[in-house]
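>>> I would like to see how this sequence folds:
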Amino acid sequence: MSSKIPAIHISDTPTDRSTGIQYPGLDFWNGTTPVPNKDGVYSTLVFMEEAIRVIKEKDENSPPMYMYVALQNGHAPYQVPESYTKQYSYIDNANRRALAGQITMLDEAVANITSALKSRGLWENTIFVYSGDNGAPTAAENSVGTNYPLRGQKGTVWEGGCRVAGFISGPKAPRHRTVYNGLMHISDWYPTLLHAAGIKIPDGLDGINQWKALQGARKSSPRNEMVYNINPLRPLSGVRKEGSPFDNRIHAGLRIGDMKLVTGDPSSGGRYPPVFNDAQAAATRAAREADDEILDNLAPEDVQNIHLFNVKEDPYEITDLSQSLPGTVNEMLARLAVLLEGSVEPSDVPGEFVKADPGLRGDVWWPWLDMEGNLINLVESSS
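Numbers count the residues shown, from 1 in each chain. Now for the predicted structure:
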């Protein structure tokens, strides 16, 4: 493999935010085995080749399998073998050109995995799901992704940060050449695929079985509510609404039916078009910085921290209905209060990095606590 091919780095160096100390260590595994010999190999090739190996070596008499392949091509850093960018020479901006090449390489990897399934005679019994996980980041200086015309970016509760595309294919897919517009959360895939495979769905899941809706047996989605996020650790924004059961200064998003409520920090809610050349990149960056500066300089009493949209009719979140539908706002704030009360408090435990230090375990990120929370023996873990 050419040394010019951009490589994955299989080490991770997180920083303990409570102390500022960094802890470098190997963080690349195959199952329960650390893999130290893939540094310098493009990650798409690693994951694709492993997926194809598993497919080729599958015993014909073994039960059907579930395979999850998470390719990193849609993500920064913008690096890809040069052969994949030549066809995009008309794109002036180097990062946007590289991203186009990365998506092309992703497409090729998916095609190769699909071909492997077909060559092994497994395709006829396959449900193939492709799904995004979040919108593109647009706030970083070198960002070239876009969610336009949706509002917002990755890490926000605006539609541009959360609404993603996906498709189902394969002979066992529920319907071909149709579009499903029903409300669906990523957690719904688990019970949906269990049902499709004839496996009993466990009780107590957050996900909802969508198989009948995807087949067209239901006129609407079985899901009526979706929590985008409730983040009490994010800095509070604005002023609390008098009498509200939920602190609307908290960054949160909730959808019930067609209505969506957004509370707390309203930043990163712009709409930024695609970037194809350096001039567009500079203009977009300037627009983002101007938007952020306006919000940063607002007094708390001037921050609008309650927004309400009908996202079925207005997916671009243009028309705020919070003033015209105060009853809906109050109902959704009350629901957020109930959801927050029943949620697990997020934690960032100071001092855990000291226990997890890879330097104590052969410079590898091993598990450092057992299921009961006891520190795992350091000598055994590094042997």
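>>> Quick check: Ser267 vs Glu301, distance?
17 Å (Cβ to Cβ, to the nearest Å). In short, each C-beta sits where N, CA and C put it, glycine included.
>>> More neighbours: these two, which one.
Counted by other Cβ atoms under 10 Å, Ser267 and Glu301 do not tie: Ser267 has more neighbours, with 19 against 7.
>>> Contact partners for the closest residue to the more buried one other than its chain neighbours?
Distances taken as Cβ to Cβ, 6 or more residues apart in numbering put Leu295 closest to Ser267, at 5.1 Å, once the chain neighbours are dropped. Residues in contact with Leu295, defined by Cβ atoms under 8 Å, 6 or more residues apart in numbering, are Pro266, Ser267, Val303.
>>> Reduced to three states, what does the first one come out as?
Classification of Pro266 by DSSP: H, G, I helix; E, B strand; the rest coil places it in coil.
>>> how about the strands in the chain?
With DSSP state E, the ranges of strands along the chain come out as 11-12, 25-26, 29-30, 33-34, 128-131, 166-169, 225-231, 251-256, 259-263, 306-310.
>>> deepest of those strands, which one?
Most buried of the strands of the chain by mean neighbour count (mean count of other Cβ atoms under 10 Å) is strand 259-263; its value is a mean of 26.
>>> quick one: the residue lying closest to Lys212 once chain neighbours are set aside from Pro266, how far?
Spatial nearest neighbour of Lys212, chain neighbours left out: Arg218 (5.1 Å); criterion: Cβ to Cβ, 6+ apart. Separation of Arg218 from Pro266 (Cβ to Cβ): 35 Å.
>>> how about low-confidence regions in the stretch 201-350 of the chain?
Across the stretch 201-350 of the chain, the ranges flagged by pLDDT under 70 are 348-350.
>>> in it, which spans are helices?
211-215, 278-296, 326-341 (DSSP state H, counting those that start in this stretch).
>>> how distant is the first one from the center of its chain?
Computed by Cα atoms, centre = their mean, to the nearest Å, the separation of helix 211-215 from the middle of its chain amounts to 24 Å.
>>> Now do that helix: which elements does it pack against?
On a contact count with 3 or more Cβ pairs under 8 Å, 6 or more residues apart in numbering; DSSP states H and E, helix 211-215 meets helix 189-196.
>>> my read: Cys120 touches Lys58, true?
Quick fix: residue 120 is Arg, not Cys. Yes - contact criterion Cβ atoms under 8 Å: Arg120 and Lys58 qualify, at 6.7 Å.
>>> Spatially nearest residue to Asp357, not counting backbone neighbours?
Per Cβ to Cβ, 6+ apart, closest to Asp357 is Tyr23, 5.4 Å.
>>> and if you look at Leu261?
Once flanking residues are discounted, Leu261 sits nearest to Met332: 4.2 Å by Cβ to Cβ, 6+ apart.
>>> Just give me the neighbour total for that neighbour.
Met332 has 24 neighbours, counted by other Cβ under 10 Å.
>>> how about it, what does it touch?
With contacts defined as Cβ under 8 Å, 6+ apart, Met332 is in contact with Leu254, Ile256, Met259, Leu261, Leu308.
>>> likewise Gly170?
Contact partners of Gly170, counting by Cβ under 8 Å, 6+ apart, are Trp123, Thr126, Ile127, Phe128.
>>> pLDDT and distance to Gln72 added to these, as CSV?
Compiled in CSV, the contacts of Gly170 are given as follows (pLDDT from 0 to 100; distance: Cβ to Cβ, whole Å):
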residue, pLDDT, distance to Gln72
Trp123, 94, 25
Thr126, 94, 23
Ile127, 95, 23
Phe128, 95, 19
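>>> among those, which two are most distant?
Distance extremes for the contacts of Gly170: the farthest pair is Trp123 and Ile127 at 10.6 Å, using Cβ to Cβ.
>>> Could you check how far the residue nearest to Asp258 when sequence neighbours are not counted is from Glu242?
Excluding the flanking residues, the one nearest Asp258 by Cβ to Cβ, 6+ apart is Lys312, at 3.9 Å. Distance, Lys312 to Glu242, by Cβ to Cβ: 30 Å.
>>> So these two - more neighbours on which side?
Taking other Cβ under 10 Å, Lys312 and Glu242 do not tie; Lys312 has more neighbours (13 against 5).
>>> what sits against the residue most central in space within the chain?
The residue lying closest to the centre of the chain (Cα atoms, centre = their mean) is Asp133, at 3.1 Å. Neighbouring residues of Asp133 by Cβ under 8 Å, 6+ apart: Val164, Ile186.
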